[in-house]
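Undergrad: got a predicted structure plus its sequence, pasted below:
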Amino acid sequence: MPDIILLTGNLDYTITLDPSAWLFDDRKFDLNQYFKEPHDLDNPPRKYKKRELLKEDYTFGVPLKPFLENASPKPEAEKLVIETKNGEHEMSIKEAKNAVLGFSKNGKFLNEDGPAHLYYGNGSNQDNPITDITKIIVR
């Protein structure tokens, strides 16, 4: 299983996403808490101390929006395709800007069905996220 995800397609810049680096990203947040009380993805609710990061009760995620914005979708781009080992999933660019990429569960990286899971911003797939992501394509 590759440990990276390529963000590619109708963009100005292709970006390589490395979920293992997100543990140290200030934009991360506890997904369990987020789905109980959603918050503004542009302003994560708190920072975590190093000793807290790998506690078994934390399941972390980061917003997809900053990665998408850094890749600069072209004006005609309309949708995002999440390519997985089991098929493809589509969503609008607007929906994608509210999506969350989960990268750990119960204090462990997502080695079996990762490297990341995609959750819709409204939490409707909280119990059944998109897993086994290999590539994210903007079309």
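TA: Ah, there it is.
Undergrad: so residue 35 belongs to a helix, correct?
TA: Yes - judged by DSSP: H, G, I helix; E, B strand; the rest coil, residue 35 forms part of a helix.
Undergrad: can you list the weak-confidence ranges in this protein?
TA: Counting by pLDDT under 70, the ranges of the chain that qualify are 1-2, 38-46, 49-56.
Undergrad: count of residues packed around residue 8?
TA: Neighbourhood size, residue 8 [other C-beta atoms under 10 Å]: 16. Quick note: C-beta positions are derived from backbone N, CA and C, even for glycine.
Undergrad: and what of residue 117?
TA: Around residue 117 there are 24 residues (other C-beta under 10 Å).
Undergrad: nearest residue to the residue nearest in space to the middle of the chain in space, please, no chain neighbours.
TA: Of all residues in the chain, the one closest to the mean position by C-alpha atoms, centre = their mean is residue 101, 1.5 Å from it. Nearest residue to residue 101 in three dimensions, chain neighbours excluded: residue 116, at 4.6 Å (C-beta to C-beta, 6 or more residues apart in numbering).
Undergrad: in the protein, which spans are helices?
TA: 31-36, 65-71, 93-96 (DSSP state H).
Undergrad: need the ones you listed in CSV (columns: distance to residue 57).
TA: Below are the helices of the chain laid out as CSV (distance: least, C-beta to C-beta, whole Å):
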stretch, distance to residue 57
helix 31-36, 8
helix 65-71, 26
helix 93-96, 29
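Undergrad: thinking again about what came up before, residues in contact with the residue nearest to the centre of the chain?
TA: Residue 101 makes contact with 17, 19, 22, 61-64, 67, 116-119 under the criterion C-beta atoms under 8 Å, 6 or more residues apart in numbering.
Undergrad: repeat that with 7 Å
TA: By C-beta atoms under 7 Å, 6 or more residues apart in numbering, the residues touching residue 101 are 61-62, 64, 116, 118.
Undergrad: wait, doesn't the residue nearest to residue 101 sit right on residue 103?
TA: Yes - Residue 116 lies in contact with residue 103 (C-beta atoms under 7 Å); the separation is 5.2 Å.
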